[in-house]
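Asks: here is a sequence together with a model predicted from it:
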Amino acid sequence: MNKQMSVSKRLGLGFFVILALMAVVAMVSALKVDTIDRTMKSISSQAGLKQRYAINFRGSVHDRAIAVRDAVSAADADFARGRVAEIDHLAKLYADSAGPMKAMLAQRTADPVELQLMGQIEAIEAKTNDLTRKVVDMRFAQGSERAYAFLLENVAGAYSEWLRLINAFIDHQE
């Protein structure tokens, strides 16, 4: 059959096949690039949200550390109670970011490093919250002096570690 086709028809057919292959490759490439683009946008937006929640964590923890210090060192019991109310308010703000963060990390696409860091953050959070309750109770039961010593020996380091882990999470998101 090839012998019956003229040279110009064979060249035309060859050119058409090459053009058709190029068109198919271009379409498949465009579809793949679109898929990659959508995936990258999704990853970027999730990383941004995770980073925002972690920044909210950092603000809450930092401000709580200051409020704990103020509550423990305050001479006025009413002022100390006000600082304790601020601690509770900041803990609620933290929880408002922790819920969506946990939901995002529960997805099957969660990064193992994120999961590890979040596990460490949750562990130090529980420890620090317990120490905070103890130092606040101590402040009202035993006075500022004993509570302040406990704060320096136990609570301050826990808050510093908590902030260090949150910062590590934020750095990982960047």
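Replies: On my side now, so go ahead. These numbers were taken from a predicted model, which means no experiment stands behind them.
Asks: any idea which helix or strand comes after the helix or strand containing I124?
Replies: If you go by DSSP states H and E, I124 is part of helix 112-142. Next in sequence after helix 112-142, counting helices and strands by DSSP H and E, comes helix 144-150.
Asks: what residues of that following helix count as buried?
Replies: 144, 147-148, 150 (16 or more other Cβ atoms under 10 Å). Quick note: C-beta positions are derived from backbone N, CA and C, even for glycine.
Asks: what's it in contact with?
Replies: 72-75, 134-136, 138-139 (Cβ atoms under 8 Å, 6 or more residues apart in numbering).
Asks: do the same with stretch 129-138
Replies: With contacts defined as Cβ under 8 Å, 6+ apart, stretch 129-138 is touched by 64, 68, 71-72, 84, 87, 91, 146-147, 150-151, 154-155, 158.
Asks: rounded mean pLDDT for that stretch, please.
Replies: The pLDDT scores in stretch 129-138 average 97.
Asks: mind saving the C-alpha coords of it as PDB?
Replies: Extracted C-alpha coordinates of stretch 129-138, given in PDB (Å, rounded to 0.1, in the frame of the first residue of the first chain):
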ATOM      1  CA  ASN A 129      -1.500  23.700  82.100                       C
ATOM      2  CA  ASP A 130      -1.300  21.400  85.200                       C
ATOM      3  CA  LEU A 131       1.700  23.400  86.500                       C
ATOM      4  CA  THR A 132      -0.200  26.600  85.900                       C
ATOM      5  CA  ARG A 133      -3.200  25.400  87.900                       C
ATOM      6  CA  LYS A 134      -0.800  24.300  90.700                       C
ATOM      7  CA  VAL A 135       1.000  27.600  90.900                       C
ATOM      8  CA  VAL A 136      -2.200  29.600  90.800                       C
ATOM      9  CA  ASP A 137      -3.700  27.400  93.600                       C
ATOM     10  CA  MET A 138      -0.500  27.800  95.500                       C
END
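Asks: nearest spatial neighbour of the most centrally placed residue in the chain, chain-adjacent residues omitted?
Replies: Centroid check for the chain by Cα atoms, centre = their mean gives K50 as the closest residue, at 3.3 Å. Closest residue in space to K50, ignoring its immediate chain neighbours: Q173 at 5.4 Å, by Cβ to Cβ, 6 or more residues apart in numbering.
Asks: many thanks, we can stop here.
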